[in-house]
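Asks: Sequence and computational prediction follow.
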Amino acid sequence: MQFHDLGAQYRALKAEIDAGMAEVIQESQFILGPQVARLEERLREDVGRAHCVTCGNGTDALELALMMWGIGPGDAVFAPDFTYFASAGCASAVGAELIPVDIDLATFNMCPDALESAIARVEAEGRFRPRVVIAVDLFGQPADYIRIGAIAKAHGMLVLEDAAQGYGGAFSGEVFVGDKLVSRFSKGQEAACLINDIPLMGTPAPLATRPSPPFFRPSRWAAMATAARCLWTTPGWTRCCAR
């Protein structure tokens, strides 16, 4: 079943697309480059965020957000049990414990009541530290960020908004309300991580040298390149590419 007629989209924008591709080929800067910088700036301005980092896919963007927060072993990450696997798999990728949360049958998004119960259960067991709530805007419909945000704040947790295909959506008149926003767009699932600040774990060590579980080894080049692009304004990160 053909859900997207990419041929029709291309024909409608052919002149602009061809000119853009010719510019990339002529400059021969196929990785990052001015086109990526312009896209990040437009996305950042569009949703009113201080920083934007484009990624190859939504999984990378989610993992990047968790890594910037220093999430890892011993931490509990709460995500809805009805979502694409990347929304939950990113927690395992950084060594954290995924805690599934039931959904609201009226919206198919995370149920705030179920979230409260899940957090209480994890706190009572004492095995993991509740750190992050990943709320997914399933089918482009924003989750209940008023209640989810209040619950997270009460427990000293952060909210990661997985906007999925809901880029440009709003909740109570506000565009994107999580501590960090990850949005996926287009058929190829390219993504962007949009953030207002860069709160890092206690000592701001470069991503490339931060301990990670054996099954998650980001390339040193990729980690340092990311740091150089989005974290240069953070004290302690300005020399991250010197080694």
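Replies: That came in fine, so what should we check first?
Asks: State the pLDDT value of the nearest residue to residue 27 once chain neighbours are set aside.
Replies: Of all residues not flanking residue 27 in the chain, residue 33 sits nearest, at 6.8 Å (Cβ to Cβ, 6 or more residues apart in numbering). For the C-beta atoms, the positions are set from N, CA and C on the backbone; glycine is no exception. pLDDT recorded at residue 33 is 85.
Asks: Got phi/psi on residue 33?
Replies: Backbone torsions of residue 33, given as degrees, to the nearest 10, read phi 90, psi 170.
Asks: how about the strands of the chain, start to end?
Replies: Ranges of strands in the chain, per DSSP state E, are 51-55, 75-80, 97-101, 129-136, 158-164, 180-185, 190-195.
Asks: So in that sheet, which strands flank the fifth one, and in what orientation?
Replies: If I follow you right, that is strand 158-164. With DSSP bridges as the test, strand 158-164 is paired with strand 129-136 (parallel), strand 180-185 (parallel).
Asks: averaged over its residues, what pLDDT does it have?
Replies: The predicted model assigns strand 158-164 a mean pLDDT of 86.
Asks: now the second one
Replies: Confidence over strand 75-80, taken as the mean pLDDT, stands at 96.
Asks: what do you get for the first one?
Replies: Throughout strand 51-55, pLDDT has a mean value of 81.
Asks: Show me what it is packed up against.
Replies: When contacts are defined as 3 or more Cβ pairs under 8 Å, 6 or more residues apart in numbering; DSSP states H and E, strand 51-55 sits against helix 34-47, helix 58-68, strand 190-195, helix 220-230.
Asks: buried sites along the first one?
Replies: Pointing back at helix 34-47 there. Residues of helix 34-47 classed as buried by neighbour count (16 or more other Cβ atoms under 10 Å): 40, 43, 44, 47.
Asks: Same check on stretch 139-154?
Replies: 142, 143, 144, 145, 148, 149, 151, 152.
Asks: how close does the spatially closest residue to residue 76 that is not a sequence neighbour sit to residue 26?
Replies: Using Cβ to Cβ, 6+ apart and skipping residues adjacent in sequence, the residue nearest residue 76 is residue 128, 3.9 Å away. According to Cβ to Cβ, to the nearest Å, residue 128 and residue 26 sit 52 Å apart.
Asks: Between those two, which has more neighbouring residues?
Replies: Set residue 128 next to residue 26 and count neighbours by other Cβ atoms under 10 Å: residue 128 wins out with 16 against 8.
Asks: show me what contacts that one?
Replies: By Cβ atoms under 8 Å, 6 or more residues apart in numbering, the contact set of residue 128 is 74, 75, 76, 97, 99, 122.
Asks: With distance to residue 88 added, can I get the strands of the chain in a markdown table?
Replies: Output for the strands of the chain, formatted as a markdown table (distance: least, Cβ to Cβ, whole Å):
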| stretch | distance to residue 88 |
| --- | --- |
| strand 51-55 | 18 |
| strand 75-80 | 5 |
| strand 97-101 | 5 |
| strand 129-136 | 8 |
| strand 158-164 | 10 |
| strand 180-185 | 13 |
| strand 190-195 | 16 |
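Asks: could these go into CSV alongside mean neighbour count and distance to residue 10?
Replies: Listed next are those as CSV, based on neighbours: other Cβ atoms under 10 Å; distance: least, Cβ to Cβ, whole Å:
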stretch, mean neighbour count, distance to residue 10
strand 51-55, 20, 21
strand 75-80, 25, 35
strand 97-101, 19, 39
strand 129-136, 25, 30
strand 158-164, 26, 24
strand 180-185, 25, 16
strand 190-195, 24, 16
